[in-house]
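Student: Here is my input; please provide its structure:
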Amino acid sequence: MIDPGRAILEYHERSKHHLTRYAPGPGYLDWANQPDPFRSYLGAPRIELELAADGLLSRYNDVRSGRLSEPASLTRASIAVLFELSLAISAWKSYRGTSWALRCNPSSGNLHPTEGYLVTCDLPGLEGGVYHYLSRDHVLEQRVRWNASAPAIANGVWIGIASIYWREAWKYGMRAFRYCQHDCGHAIAAVSYAAASLGWQTRMVDAAADEDVAALLGLDRSTDFLGVEREEPDCLLWVGPGEPPVLDELLAAARAASWFGVPNRLSDEHVPWPDIDHAHEATPKPRTLLAAPTVPVETFELSAPRLDVSAATIFRQRRSAVDFDGVTSISADAFYTMLEPLLPRAFTPPWNAWPWPLRVHLALFVHRVDGLEPGLYAFLREAAALGSLQSAKPRDWRWRKVGPRHLPLYLLWPYDAREAAQLICCHQNIAADSCYALGMLASFDNIEGSPWRYRRLYWECGIIGQTLYLEAEAAGIRATGIGCFFDDEMHRLLGLEGHAWQSLYHFTAGGAVEDQRLTTLPPYGPRAAPLTSPAEPVRARGG
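Tutor: Okay, the predicted model is just below:
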């Protein structure tokens with residue numbers, strides 16, 4: 001049996017794109033077998049949720065700065081807002097008789113492998129139990145109703161996140177395991193931001209094992225998933241003004257409870273990807289000690305973004321750009337403002353949900369930032385990374401500190417980097433026609449010893465990506481995540497060798513070119529009958 005640490009490094013190598021070949025994929029898109037983008041539990045009681053986010057008064061700049069309002073009461077209505085602004089549909093797009101959903105949490109290729117769950121006690125208007133959130137209808141599907149012996153959950157709820165790998169593998173093959181982890185990170189951040197708009201804190205239940213998450217959400221019920229695509233547990237988030245209770249008592253209640261509903265089948269056929277199975281089997285998280293957060297906390301005041309709008313507006317207008325105009329520029333101050341929230345602040349989303357040390361830093365291709373020299377830059381989110389990366393990069397980089405004193409931004413190479421950015425991002429124009437592009441560099445230290453941390457590196461990348469999405473909207477531009485890039489070409493450009501540092505996710509932001517052929521429809525209410533296949537494939541991430 002292969003050592004798990006070695007197995008995950010082998011998966012990482014085998015799933016890389018190269019200039020001469022791409023990672024193994026399906027070869028063609030089997031549209032007749034495309035997975036249903038919505039999991040539902042057939043036979044489970046359904047609880048309709050209100051659409052109440054328009055009444056929320058929170059401003060985006062206050063939320064991003066940690067200036068939260070008084071905590072909202074925990075009710076069915078406030079839980080409805082939490083889901084409406086994090087995992088719900090934000091709009092439908094339509095073209096020539098087909099339509100597809102966009103959501104507040106983005107996804108690779110708009111395929112949405114991420115599923116959300118709620119675990120709660122009795123709330124006004126909502127019976128205590130375990131629920132699956134069905135974004136298509138904005139409803140909760142009740143999987144468990146607590147009996148009288150279930151422990152009380154005080155002043156908060158749990159949000160569970162799970163992934164269906166097949167939804168991504170249908171289009172992306174082996175690399176889908178990576179993309180599912182990106183999407184989990186985006187969802188964590190989306191929940192944290194939405195909770196903050198209600199005055200609530202979000203914390204990762206970091207001691208929980210994957211098997212704990214599976215047991216609480218009912219994902220370990222093998223008989224329920226016979227003949228259908230499995231969901232794999234990711235994480236639990238504690239959301240609310242109170243402290244999380246002991247998990248074990250609730251796990252015992254879940255194991256003893258009666259469960260409702262069975263999951264729907266997403267495709268007529270399932271195509272196996274053994275490499276994804278091996279990566280999953282190599283990265284289960286065991287129970288760990290509950291440790292105090294080790295993320296460094298910044299104290300400077302965030303600069304205000306260009307747009308002063310409601311939090312709900314920003315969360316729901318987030319889109320992935322497909323094309324950039326190659327002309328739009330932003331000011332250096334706007335650029336710095338977008339980078340500031342990537343440095344954690346106390347009790348401030350999204351990093352209030354992140355209990356682990358920072359392991360991901362940015363290599364930035366600056367193209368069109370007025371007042372900042374075009375070139376290659378490094379943004380180091382943790383001070384110790386400076387010495388590590390300087391010693392790991394044999395190239396004669398300048399390492400010249402630029403920008404505000406509180407931002408760890410360094411100029412490495414003062415030349416036009418558009419051609420390099422485009423080549424590295426699978427020759428995609430969006431990496432060169434933007435204001436800036438970037439690659440997220442992760443420290444692989446101790447991955448072999450604790451392979452479950454591999455998934456969390458991608459989660460951290462997804463949280464960074466979600467933050468940059470929202471910051472782009474607040475700056476009056478648009479962004480998109482890029483999952484297709486030539487891994488080792490990025491490493492060669494930076495002079496990196498071995499596995500110490502790896503590029504895990506790319507991103508870009510600029511002046512978006514809107515596709516005027518598409519019609520935008522409201523997320524809930526009258527709309528064209530949705531079909532699952534978009535008119536044209538999304539070139540970067542979509543969603």
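Student: make it CA atoms for all contacts and neighbour counts henceforth
Tutor: OK.
Student: And for the residue lying closest to Pro245 once chain neighbours are set aside, the neighbour number?
Tutor: Using CA to CA, 6 or more residues apart in numbering and skipping the chain neighbours, the partner closest in space to Pro245 is Ile153 (6.5 Å). Other residues lying near Ile153 total 20 when counted by other CA atoms under 10 Å.
Student: Would you confirm that Ile153 contacts Thr120?
Tutor: Yes: under the criterion of CA atoms under 8 Å, Ile153 makes contact with Thr120 at 6.6 Å.
Student: which SS class is Phe315?
Tutor: Classification of Phe315 by DSSP: H, G, I helix; E, B strand; the rest coil places it in helix.
Student: Nearest spatial neighbour of the most centrally placed residue in the chain, chain-adjacent residues omitted?
Tutor: The chain has His186 as the residue nearest its centroid, 1.4 Å off, counting by CA atoms, centre = their mean. Spatial nearest neighbour of His186, chain neighbours left out: Gly462 (4.6 Å); criterion: CA to CA, 6+ apart.
Student: Report the separation between the one you found and Ser108.
Tutor: 11 Å (CA to CA, to the nearest Å).
Student: of those two, who's got more company?
Tutor: Under the criterion of other CA under 10 Å, the comparison of Gly462 against Ser108 puts Gly462 first, with 29 against 26.
Student: The more buried one reaches Asp183, doesn't it?
Tutor: Yes: counting by CA under 8 Å, Gly462 does reach Asp183; the two are 6.2 Å apart.
Student: quick one, helices of the stretch 201-350 of the chain?
Tutor: 210-217, 247-256, 274-282, 311-317, 332-339 (DSSP state H, counting those that start in this stretch).
Student: closest one to Pro263 among those helices?
Tutor: helix 210-217 (12.6 Å; CA to CA).
Student: Show me what that closest one packs onto, helices and strands only.
Tutor: Applying 3 or more CA pairs under 8 Å, 6 or more residues apart in numbering; DSSP states H and E, we find helix 210-217 packed against strand 232-240, helix 247-256.
Student: Could you figure out how far the first one is turned away from helix 210-217?
Tutor: Read it as strand 232-240. 70 degrees (axes from the mean of the first three to the mean of the last three CA atoms, to 10 degrees).
Student: Strand 232-240: partners in the sheet, and parallel or antiparallel?
Tutor: strand 157-163 (antiparallel), strand 201-204 (antiparallel) (DSSP bridges).
Student: Take these and write them to JSON lines, including mean pLDDT, distance to Trp170 and mean neighbour count.
Tutor: Below are the strands paired with strand 232-240 laid out as JSON lines (pLDDT from 0 to 100; distance: least, CA to CA, whole Å; neighbours: other CA atoms under 10 Å):
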{"stretch": "strand 157-163", "mean pLDDT": "98", "distance to Trp170": "14", "mean neighbour count": "24"}
{"stretch": "strand 201-204", "mean pLDDT": "96", "distance to Trp170": "30", "mean neighbour count": "26"}
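Student: Switch these over to a markdown table; also include distance to Glu269.
Tutor: Below are the strands paired with strand 232-240 laid out as a markdown table (distance: least, CA to CA, whole Å):
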| stretch | distance to Glu269 |
| --- | --- |
| strand 157-163 | 18 |
| strand 201-204 | 35 |
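Student: Give me the secondary structure label for the residue nearest to the centre of the chain.
Tutor: Assignment for His186 (three-state DSSP): helix.
Student: Kindly report the same for the one 3 residues further on.
Tutor: Here Ala189 takes the helix state, with states given by three-state DSSP.
Student: residues near it, how many?
Tutor: Counted by other CA under 10 Å, the residues lying close to Ala189 total 29.
Student: thinking again about what came up before, tell me the residues that contact both of Gly462 and Ser108, please.
Tutor: Asp183 (CA atoms under 8 Å, 6 or more residues apart in numbering).
Student: so who does the closest residue to Arg103 other than its chain neighbours touch?
Tutor: Nearest residue to Arg103 in three dimensions, chain neighbours excluded: Ile89, at 4.1 Å (CA to CA, 6+ apart). Ile89 sits next to 101-104, 135-136, 523-524 when contact means CA under 8 Å, 6+ apart.
Student: of all these, which comes closest to Arg221?
Tutor: Nearest to Arg221 among the contacts of Ile89, with distances taken as CA to CA, is Ser135, at 22.5 Å.
Student: Skipping adjacent residues, who's closest to the closest one in space?
Tutor: Nearest non-adjacent residue to Ser135, counting by CA to CA, 6+ apart: Ala88, 4.9 Å away.
Student: Would you check how far apart the one you found and His138 are?
Tutor: Taken as CA to CA, the span from Ala88 to His138 is 7 Å.
Student: Who has more neighbours out of the two?
Tutor: Ala88 (27 against 21).
Student: what's the spacing between the more buried one and Pro357?
Tutor: In terms of CA to CA, Ala88 sits 30 Å off from Pro357.
Student: Out of the strands paired with strand 232-240, the one nearest Ala421 is which?
Tutor: Of these, nearest to Ala421 by CA to CA is strand 157-163, at 30.3 Å.
Student: thinking again about what came up before, the residue nearest to the centre of the chain contacts Pro106, correct?
Tutor: Yes: counting by CA under 8 Å, His186 touches Pro106, with 6.7 Å between them.
Student: Pop out the phi and psi values for the closest residue to Ser94 other than its chain neighbours.
Tutor: Nearest residue to Ser94, sequence neighbours excluded (CA to CA, 6+ apart): Thr519, at 5.0 Å. When read as degrees, to the nearest 10, the backbone of Thr519 gives phi -100, psi 130.
Student: and Thr519, how many neighbours?
Tutor: Applying other CA under 10 Å, we find 12 residues neighbouring Thr519.
Student: That one contacts Gly97, doesn't it?
Tutor: No: Thr519 is not in contact with Gly97 according to CA under 8 Å; the separation is 10.4 Å.
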